[in-house]
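Chemist: Let's see this in three dimensions:
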Amino acid sequence: MSELVLKGHKVVGGSAEGEALVTQDCISYMGSVNPNTGVITEKGHQLEGQNISNKILVYPSGKGSTGGSYMLYDMAQRGTAPKAIVNIKAEAVTVIGAIMGEIPMIDRLEKNPVETLKTGDYLKIEADKGFVTVLRRR
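Modeler: Numbers count the residues shown, from 1 in each chain. Prediction:
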């Protein structure tokens, strides 16, 4: 496999490596995720029952109330947050939580990440440089 590198826009700086968890559903950190476990609890969500802890979480955008910022920060403090976040388009609530939780975040990739990246891909996020590199395909 040739290395796939996608250029994007730095939202929150930092770097991370890990397994991708990809969904086409938006995520709210206030009410859709159990902050104690990192498990998606929203009924009918594509990732319902799956754990987002220590994953590179790839999804379209955040949704929900402003309390989601604090919940994402709380998850970072508990060790149940994703390692990094890749969005099609970042929204303010998630961005604030990622800043407070020091979670690298990138958006506006040159290709739609929820269509290009697959659950199980091993990714390297270099948010400061604006790069997502697929190191291994699932």
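Chemist: Tell me the helices and strands packed up against the longest helix anywhere in the chain.
Modeler: Scanning the chain for the helix with the most residues, using DSSP state H, yields helix 67-78. Of the remaining helices and strands, those touching helix 67-78 by 3 or more Cβ pairs under 8 Å, 6 or more residues apart in numbering; DSSP states H and E are helix 92-101. All C-beta atoms are positioned from the backbone trio N, CA, C, and that covers glycine.
Chemist: Give me the sheet partners of the helix or strand that the helix it packs on is followed by and which way each runs.
Modeler: Using DSSP states H and E, the next helix or strand after helix 92-101 towards the C-terminus is strand 105-107. Partner strands and pairing direction for strand 105-107 (DSSP bridges) are strand 9-12 (antiparallel), strand 84-87 (parallel).
Chemist: so who does residue 29 touch?
Modeler: 35, 62, 64, 68-69, 71-72, 75, 93-94, 97 (Cβ atoms under 8 Å, 6 or more residues apart in numbering).
Chemist: now do residue 9
Modeler: Applying Cβ under 8 Å, 6+ apart, the residues contacting residue 9 are 106-108, 130.
Chemist: Mind pulling up the pLDDT for the nearest residue to it once chain neighbours are set aside?
Modeler: Distances taken as Cβ to Cβ, 6 or more residues apart in numbering place residue 108 nearest to residue 9, at 4.2 Å, with adjacent residues excluded. With respect to pLDDT, residue 108 scores 98.
Chemist: check contacts around residue 108.
Modeler: Going by Cβ under 8 Å, 6+ apart, the list of residues near residue 108 reads 8-9, 88-89.
Chemist: List only those of those residues flagged as buried.
Modeler: 8, 88 (16 or more other Cβ atoms under 10 Å).
Chemist: Take the contacts of residue 108 and lay them out in a markdown table including pLDDT.
Modeler: Shown next, in a markdown table, are the contacts of residue 108 (pLDDT from 0 to 100):
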| residue | pLDDT |
| --- | --- |
| 8 | 97 |
| 9 | 97 |
| 88 | 98 |
| 89 | 97 |
